[in-house]
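>>> Pasting a predicted model and its sequence here:
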Amino acid sequence: QLQLVESGGGLVQPGGSLRLSCAASDLRYYYVGWFRQAPGKEREGVSCISSSDGSTYYADGVKGRFTISRDNSKNTVYLQMNSLEPEDTAVYYCAASSGATTAQAMCVVRPLISWGQGTQVTVSS
């Protein structure tokens, strides 16, 4: 089973930035996404990226602030988070799927998904 390792979480002030990284042995043929779960809330898809053409999907609440990208030579997917808000506080999980057909489906339907262990992001002054 694919093992995903997230890094880059931490404490940041409102308006600040963080970059999350998700690494695995071989991500080239996988759709990859970032999800988050705040206390008392369901896990939600934040942003996902396709395996082939780099097409992306963003949840409405992060459009224009977050950017997902991938470097297949490093088997790593990144989530650049700018203009962070307290509402972005959550555990962020990386996930990968070989069964997705679109980036949106990856984030919304989550077919045949493998999860990382999660990294905490806290936005607070």
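Structure's in. What do you need?
>>> Please count neighbours and contacts with C-alpha atoms only from this point.
Noted.
>>> Please name the nearest non-neighbouring residue to the most centrally placed residue in the chain.
Central residue check for the chain by C-alpha atoms, centre = their mean: the C-alpha nearest the mean position is that of residue 34, 1.8 Å away. Closest residue to residue 34 in three dimensions, ignoring its sequence neighbours and counting by C-alpha to C-alpha, 6 or more residues apart in numbering: residue 94, at 4.7 Å.
>>> correct me, but that neighbour touches residue 30?
No: because the distance of 12.0 Å does not satisfy C-alpha atoms under 8 Å, residue 94 is recorded as not touching residue 30.
>>> So for these two, which sits in the more crowded spot?
For residue 94 versus residue 30, the count of surrounding residues by other C-alpha atoms under 10 Å is larger for residue 94: 30 against 18.
>>> Least confident secondary structure element in this protein?
Within the chain, no helix or strand scores below strand 113-115, which has a mean of 90 by mean pLDDT, DSSP states H and E.
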